[in-house]
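Chemist: what's the 3D shape of this:
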Amino acid sequence: MTAADVVRLALAFAPVCLFLASLVYLDSYKLVSLPRLLRIVIAGAVAGAASYLVSDAFLDIFDYDVVTTLVAPAVEETLKLVPLLFLMRRRRVAFVIDAAICGFAAGTGFALIENLYYLSTLQRPELAFWAVRGFGTAVMHGGTTAIAAMATQALSQERETTRLVAALPGLLVAIVIHSLFNRFLVSPLTSAVLIVAILPPVMVLVFAQSEKHVQAWLGRGFDVDSDLLQAIGSGNFSDSRSGRYLQSLRNHFNGPVVADMLCYLRLGAELSLRAKGILMLREAGLPVHKDSETAAKLQEMRYLKSTIGRTGLLALAPILRRSSRDLWEMQLLEEGG
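Modeler: Residues are numbered from 1 along each chain as shown. As a prediction, the model looks like this:
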């Protein structure tokens, strides 16, 4: 391998990987674990291989320019977003920050497999070609998927829904950006420079705003959970609105089930505080250790959920007020923090 080959490899793979590493570094709450990040990169690579097969099939139907400027952007952006939609539906993504990181990771996997394909098939093109692909096309793939993921998460959180319709606005924006990039409205080198000049500041701004939202959510959540535990522990819970509502359920459920409901509320608040504490420890750079007490509480929560039953949980909904982020907290604890 010559020195030029090493430079080609570095240009093809390093820029997008370094950008992804920078996003992970900027995330002070460490919302995305390394194993999950690697799985998403692999999923993005699979999406890249699949999109090549799909776009290649369309070449038998449409003109090359139509495929590269319209069909390929739509196919590629859709397939890159699929792993993120799966994570969101499973409540594995809770904030715009982790949506951006996961989105860029999927785009990174896509770009890596695409550049690997070109490295294996093209006959040693000029280094400028790899500079454009590394700093331009590869970072564009990560950036468009990050934008689509952030928009989808923001809409899903605002409307408390996991319906696919929430992904359409962000996906459309990603397709338009990708399509414009492929039209070469400016020179490829200029496109690469613009992406490197615009995307990093935008992502830093998004991260700064998103971290403020995480801090605000942590503060509100601590207050709500602490107040609930204090009310239950003080013996005056029955005088609160939630307590009076729980007492009213005695007309519909027997005593032991209502008692289980109270235990379920208490455990939920305790575990929610534990999850928020984990995020604060991460933000402070302190280590987080697994503990058997949390595992035992999670197991008890699952048991209580089964004894209360679906009807009982629906009856508790007005005072549970479980959002997608509350469900994400339980996933965080299940994974051991």
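Chemist: which parts of stretch 102-116 are buried?
Modeler: 102-115 (16 or more other Cβ atoms under 10 Å). The way it works is simple: take the backbone N, C-alpha and C, and place the C-beta from them, glycine included.
Chemist: kindly report the same for stretch 151-170.
Modeler: A151, T152, Q153, A154, L155, S156, Q157, A166, A167, G170.
Chemist: which of those sits closest to M261?
Modeler: Q157 (27.1 Å; Cβ to Cβ).
Chemist: thinking again about what came up before, kindly reformat the buried residues of stretch 102-116 as TSV containing distance to T307.
Modeler: Output for those, formatted as TSV (distance: Cβ to Cβ, whole Å):
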residue	distance to T307
C102	35
G103	39
F104	43
A105	40
A106	40
G107	45
T108	45
G109	43
F110	46
A111	49
L112	48
I113	48
E114	51
N115	54
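Chemist: now, which of those residues lie within helices?
Modeler: In helices, judged by DSSP state H, the following of the buried residues of stretch 102-116 are found: 102-115.
Chemist: out of these, which is nearest to L23?
Modeler: Taking these together and measuring to L23 by Cβ to Cβ, the closest member is F104, at 5.7 Å.
Chemist: burial of D239, as a residue count?
Modeler: 11 (other Cβ atoms under 10 Å).
Chemist: can I get the ones in helices among the buried residues of stretch 102-116 in a markdown table including pLDDT and distance to V66?
Modeler: Shown next, in a markdown table, are these (pLDDT from 0 to 100; distance: Cβ to Cβ, whole Å):
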| residue | pLDDT | distance to V66 |
| --- | --- | --- |
| C102 | 96 | 31 |
| G103 | 97 | 27 |
| F104 | 97 | 28 |
| A105 | 97 | 30 |
| A106 | 98 | 25 |
| G107 | 97 | 23 |
| T108 | 97 | 28 |
| G109 | 97 | 26 |
| F110 | 98 | 21 |
| A111 | 97 | 23 |
| L112 | 96 | 27 |
| I113 | 96 | 24 |
| E114 | 95 | 20 |
| N115 | 94 | 24 |
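Chemist: using the three-state scheme, assign S28.
Modeler: Recorded secondary structure, S28: coil (DSSP: H, G, I helix; E, B strand; the rest coil).
Chemist: that one contacts E283, doesn't it?
Modeler: Yes. Counting by Cβ atoms under 8 Å, S28 touches E283, with 4.9 Å between them.
Chemist: pLDDT of the helix or strand hosting G44, averaged?
Modeler: G44 is located in helix 34-58, with elements delineated by DSSP states H and E. If you average the pLDDT over helix 34-58, you get 95.
Chemist: one more: stretch 307-323?
Modeler: So the average pLDDT for stretch 307-323 ends up being 83.
Chemist: buried residues, it. List them.
Modeler: I308, G312, A315, L316, I319, L320.
Chemist: report the contact partners of the fourth one.
Modeler: With contact set as Cβ atoms under 8 Å, 6 or more residues apart in numbering, L316 has these partners: M261, Y264, L265, I308.
Chemist: pull up the per-residue confidence for R183.
Modeler: pLDDT, R183: 91.
Chemist: how about it: what's its closest non-neighbour residue?
Modeler: T69 (5.3 Å; Cβ to Cβ, 6 or more residues apart in numbering).
Chemist: wait, that neighbour sits on F181?
Modeler: No. The pair formed by T69 and F181 falls short of the contact definition of Cβ under 8 Å, at 9.5 Å.
Chemist: looking at the two, which is more packed in?
Modeler: F181 (23 against 17).
Chemist: element containing the more buried one?
Modeler: helix 168-182.
Chemist: ok, P287 next?
Modeler: Here P287 is assigned to no helix or strand, by DSSP H and E.
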